[in-house]
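Here is the input, now give the coordinates:
(chains A and B)
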Protein chains: 2
Amino acid sequence: MPMAPEWLRDYRKETFVSDLLAGIIVTIMLIPQSLAYALLAGLPAEMGLYASILPLVAYALLGSSRTLSVGPVAVISLMTAMAVGDIAASGSPHYIEAAIVLAALSGVLLLLMGVLRLGFLANLLSHPVVSGFITASAVIIAVGQFRHLLGIPAQGDNLIALLASLFANIGATNWITLGIGLGATGFLIWSRRGLLRLLLRLGLPEQLSRILAKAGPVLVILVTVALSYLFQLGAHGVALVGEVPRGLPDLALPSFDAELWSQLLVSALLISIIGFVESVSVGKTLAAKRRQRIDPNRELVALGGANVASAFSGGFPVTGGFSRSVVNFDAGAQTPAASILAAMGIALAALFLTSLLFYLPKATLAATIVVAVSSLVDFGQIRRAWHYSRSDFIAIVTTIIATLTLGIELGVLAGILSSVLLHLYKTTRPHIAIVGAVAGTEHYRNVERHNVITHPNLVSLRIDESLYFANSSYLEDYIYRLVAESDQLEHVILQCTAVNEIDMSALETLEAIDHRLQEQGIRLHLSEVKGPVMDALQSVDFLRQLSGEVFLSHHQAVKALKRDEIEPYII
Amino acid sequence: MPMAPEWLRDYRKETFVSDLLAGIIVTIMLIPQSLAYALLAGLPAEMGLYASILPLVAYALLGSSRTLSVGPVAVISLMTAMAVGDIAASGSPHYIEAAIVLAALSGVLLLLMGVLRLGFLANLLSHPVVSGFITASAVIIAVGQFRHLLGIPAQGDNLIALLASLFANIGATNWITLGIGLGATGFLIWSRRGLLRLLLRLGLPEQLSRILAKAGPVLVILVTVALSYLFQLGAHGVALVGEVPRGLPDLALPSFDAELWSQLLVSALLISIIGFVESVSVGKTLAAKRRQRIDPNRELVALGGANVASAFSGGFPVTGGFSRSVVNFDAGAQTPAASILAAMGIALAALFLTSLLFYLPKATLAATIVVAVSSLVDFGQIRRAWHYSRSDFIAIVTTIIATLTLGIELGVLAGILSSVLLHLYKTTRPHIAIVGAVAGTEHYRNVERHNVITHPNLVSLRIDESLYFANSSYLEDYIYRLVAESDQLEHVILQCTAVNEIDMSALETLEAIDHRLQEQGIRLHLSEVKGPVMDALQSVDFLRQLSGEVFLSHHQAVKALKRDEIEPYII
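As a prediction, the model looks like this:
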């Protein structure tokens, strides 16, 4: 039996007024967005509305963010189109069925990850990879909409194929469609800032002006529907949305076709992870502003529930969206009740407004998409990465190029792979410093940076990283090279201050180093080994077989091992 | 123009005598092994000989190990069988062609990795993964040979399929074949130790006894060939090796079929990496005993050359093998000339001994394989991992189970993936300690382990790991939780002694933390930031926007920020 969410327990009238206002504003924004993202996903317009009713309610009841607004979003809709387009013809019943199954499957995967507490997997996506991926996806999405703005056929999984296809058909441009598309795009760009200023200048009250200013996309829809109806633009070759079934979605189980599920598994996994990362980062940003907290594992469950709800009500994959969540937050939403009210608003639209949509030009929706995704493009991040860190730069550029040329699924995989490999590559060469005593103290510092005392019969190495499989052979080579250079050496002491773990590969490497040094008459010692590492070493034979000793402090080690007959000298 | 290798420059007569002896012993050992591994790879016996001539010469001229012996090895032969078996019927001309292409392709990949200095990629294979993979492969190899020992048909990519196939056909066992197989196996096991003791007891000189003791497998071949000839066992259903072409291999370009090359690409990559890791670990072990060094990137080039040589002379993929390299080393090989001499020995065998092989029962070769791979099985490693480290245990068990059930290619991939993911999972939760001053010193230590002085208006955190994409959100959550618990807090100071890098994701997270703390009236400071990290931070806006300061030492930070009106107290 589900408990009432905490926000519901002491829900008050003033809160309801705030939530209602936010709900209305979000509804006004969601209607065009839902329709547009359904178009982007290659699905009938009504599915956009369906995906914006029950999923909102499911998230409101399960989620940990109070203001996140869930529904279709641009990148996930594009990923849906790509995944489903691989296995069915666009718009066919099988295509629709596959999109619904994709929502169900990604819902199940998210729930599973939530139950298994796998939220940490999202950490594998570094910020540059996410930012590069979203930038590249936004470019693909915008370019993909050019076909609706020009009224020509064109398609392709990646930017090159898309552009080639657009250029091949550019001669067939429908000029009326292009006029509507450019007009709508221009108005939407202006309305983002200009509309509010205009309304205020006209003397409307600020509250009302703010609501109306968000209604730019709705206004564009109304105007273009009117034009389309008056001039019967459909007869002039302008593509219209056409018949949209009226009413609420039927609740139904998604199809359980094992082959279809297995075909969609990898895509569903990628959609789940990308959707989760996008949603959690929005949720965190908003929560931080009001000192609230986001629980990643609860978010997994809530997004899983939202996607399952979407699948059961004929929708497609959803996640928390950035723009609409910000609008919800700014409009003063206090609790998830605002989202439930927005869901009711969309339900009313599905019941009473669908007949209006028959005359809606697709170019209007394409303009909505282009303007919405243009804010996602962030090439500044590339410049920033170039200045800050070469490896982040490589990761971001790899992600963008791979996404643009190989398509979005391979793009995000290439991004993850490159950032993980670059990270592993960096840790394969841990920082190792030869240290000596700062005169008059028990402090040991890098010989290259400080004036320190060393002894010719021993060398002290400070390892600045945990020892594990990817870096143990670097340490091995480092020590062998060092030993080959000095012939008075009797002791090698590893100062393990920064070693938080020694895994089995590193343990075996230490054993090999010890054997090899022994054969050359040199003993290997450890100092300042941390408690948990010491416990692990004591659980195996290592310490008994070690030629040297383990010292509590590095200074004790040097005091015990230095040879007095050889004078210490200062480097 | 290739330079003469360094070992050749001052080559002396005594060295030649040592090398000659080692060459003879290795030849004796290589003949049965080459034939057996060709059988294991599903290839004609002569290809095993071909793969043991030119590759040895190529490695001798290019490699950095003085005693490594290159040629067909068990695991790589099995991987060859699996890779080629997927695209051609065993033993068909296309199968042979594909095996040759596989050698060429893996040679090219190794050369490429060597030129690009990608030797570090081998570090991604942790010791437990390699050990688990070899153990599981050895089990599959041994079980796969049961069909030759029983004289029944059976096949399968993984253990379960193999066992099912064996049980289904066990009724068809050929008892003479089984007798030969068991007899050969028993003799080989005994001869490993017993033969040397026997020869010494018979009064033979020690040197000669040592050579003859290695000849156990050759003796088994001679005896079973004789039995097979005398009793015409072929007519009694015993499978024989049959016609083996006499003479040296023809030199020829491998086929350049683009489709075949692309089909074999992933397999060739896995074979290259596994072969490289196996070979380098053998080379390192031997080099360590004589204070020599192995250069991983030169090894890549040398193994690449050996595989290309194998492909051009009708062989299949090769690498440095453990058992034969140890034999070469123990027999006193001083330089790679020993390998060149062994290659000449094998060439002589190909010229003059092939007619003998007609009557050789396949069961004899199967016995050679089973005994050879039995020494590779190391289940003790699992027990050791269980005691030492849970994550290594998970990696080794994952590798073994995946290899046995999914087959060897997916097995090694699952092993790599599990160890990399486990490592990333561990670093997603870096060790963070709240520190305070040890009374009377400027030393800061963990409050949970030491009696230290803290101040209620500030908290000092020591982060024991570099900050990067996979762990930055952990730090974020940690700080927010901490801040939520204490209401007198004015300053958070991060002691960055162990932070070797802050990548862009972590940088953005630090900015987010700073903004959020600022909204709560708390300032974020850094102390003891390392030089390279400081340089990177200065290249972007971060330090200008940071609410707090960067202090050279942690003590300075605490001295400057603690509030005197609040009494310090000792925990």
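
which bits of the stretch 351-500 of chain A sit near chain B?
Proximity of the stretch 351-500 of chain A to chain B, by C-beta under 8 Å from any C-beta of the partner chain, involves residues A:384-385, A:387-389, A:391-392, A:419-420, A:423-426, A:428, A:430-431, A:464-466, A:468-471, A:473-474, A:476, A:480, A:484, A:498, A:500. Heads up, the C-betas are built off the backbone N, CA and C, glycines and all.

actually the stretch 101-250 of chain A, not the one I wrote
Near chain B, when you scan the stretch 101-250 of chain A using C-beta under 8 Å from any C-beta, you find A:120, A:123-129.

again, only this time at 7 Å
A:120, A:123-124, A:126-128 (C-beta under 7 Å from any C-beta of the partner chain).

Drop anything exposed from the residues you listed.
Buried members of these, scored by 16 or more other C-beta atoms under 10 Å in any protein chain shown, are A:120, A:123-124, A:126-128.

of these, closest to residue A:546?
Closest approach to residue A:546 among those (C-beta to C-beta): residue A:120, at 34.9 Å.

got the contact list for that closest one?
Residues in contact with residue A:120 (C-beta atoms under 7 Å, 6 or more residues apart in numbering or on different chains) are B:425, B:428.

Go through the longest helix anywhere in chain A and flag the buried ones.
Ordering each helix of chain A by length in residues (DSSP state H) puts helix A:258-289 first. Using 16+ other C-beta under 10 Å as the test for burial, helix A:258-289 gives A:260-261, A:263-264, A:267-288.

Any regions of chain A where pLDDT drops low?
Low-confidence segments of chain A, defined by pLDDT under 70: A:1-4, A:291, A:564-571.

ok, back up a step: let's have the buried ones among the residues of the stretch 101-250 of chain A next to chain B in JSON lines, adding secondary structure.
Converted to JSON lines, those look like this (DSSP: H, G, I helix; E, B strand; the rest coil):
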{"residue": "A:120", "secondary structure": "helix"}
{"residue": "A:123", "secondary structure": "helix"}
{"residue": "A:124", "secondary structure": "helix"}
{"residue": "A:126", "secondary structure": "coil"}
{"residue": "A:127", "secondary structure": "helix"}
{"residue": "A:128", "secondary structure": "helix"}
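
Residue A:348: which of those residues is nearest?
Among those, residue A:127 lies closest to residue A:348 (C-beta to C-beta), at 39.3 Å.

and the closest residue to residue A:118 other than its chain neighbours, what element?
Computed as C-beta to C-beta, 6 or more residues apart in numbering or on different chains, the closest residue to residue A:118 that is not its neighbour in sequence is residue A:300, at 7.4 Å. Assigning secondary structure by DSSP states H and E places residue A:300 in helix A:296-312.

Determine the set of other helices and strands touching that helix.
Here helix A:296-312 touches helix A:54-62, helix A:93-115, helix A:258-289, going by 3 or more C-beta pairs under 7 Å, 6 or more residues apart in numbering or on different chains; DSSP states H and E.

who's in contact with the first one?
When you say that, I think you mean helix A:54-62. Here helix A:54-62 has contacts from A:5, A:68, A:70-71, A:301-302, A:305-307, A:309-310, A:313, A:315, A:318, A:336, A:339-340, A:342-343, using C-beta under 7 Å, 6+ apart.

Convert the C-alpha atoms of that helix to PDB, please.
Taking C-alpha atoms only, helix A:54-62 is exported to PDB below (Å, rounded to 0.1, in the frame of the first residue of the first chain):
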ATOM      1  CA  LEU A  54      -0.200   9.500 -16.600                       C
ATOM      2  CA  PRO A  55       3.700   9.800 -16.600                       C
ATOM      3  CA  LEU A  56       3.300  13.200 -14.800                       C
ATOM      4  CA  VAL A  57       1.100  11.700 -12.200                       C
ATOM      5  CA  ALA A  58       3.400   8.700 -11.700                       C
ATOM      6  CA  TYR A  59       6.400  10.900 -11.200                       C
ATOM      7  CA  ALA A  60       4.500  13.200  -8.900                       C
ATOM      8  CA  LEU A  61       3.600  10.300  -6.600                       C
ATOM      9  CA  LEU A  62       7.100   8.600  -6.700                       C
END
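
What is the subsequent helix or strand relative to that helix?
Toward the C-terminal end, the helix or strand that comes next after helix A:54-62 (DSSP H and E) is strand A:70-71.

That following strand: what's the following helix or strand?
The C-terminal neighbour of strand A:70-71 among helices and strands, as given by DSSP H and E, is helix A:74-85.

tell me which strands and helices that next one is in contact with?
By 3+ C-beta pairs under 7 Å, 6+ apart, helix A:74-85 packs against helix A:13-40, helix A:93-115, helix A:127-150, helix A:258-289, helix A:362-374, helix A:408-427.

Now do the fourth one: distance to the chain's middle.
The reference is to helix A:258-289. Relative to the centre of its chain, helix A:258-289 is centred 8 Å away, using C-alpha atoms, centre = their mean, to the nearest Å.

cool, stretch A:460-472 as well?
With C-alpha atoms, centre = their mean, you get 31 Å for stretch A:460-472.

And for stretch A:303-317?
That offset, for stretch A:303-317, works out to 20 Å (C-alpha atoms, centre = their mean).

Check which helix or strand the residue of the stretch 251-400 of chain A found nearest chain B maps to.
For the stretch 251-400 of chain A and chain B, the shortest gap (C-beta to the nearest C-beta) falls at residue A:392, measuring 4.1 Å. Element membership of residue A:392, judged by DSSP H and E, is helix A:390-406.
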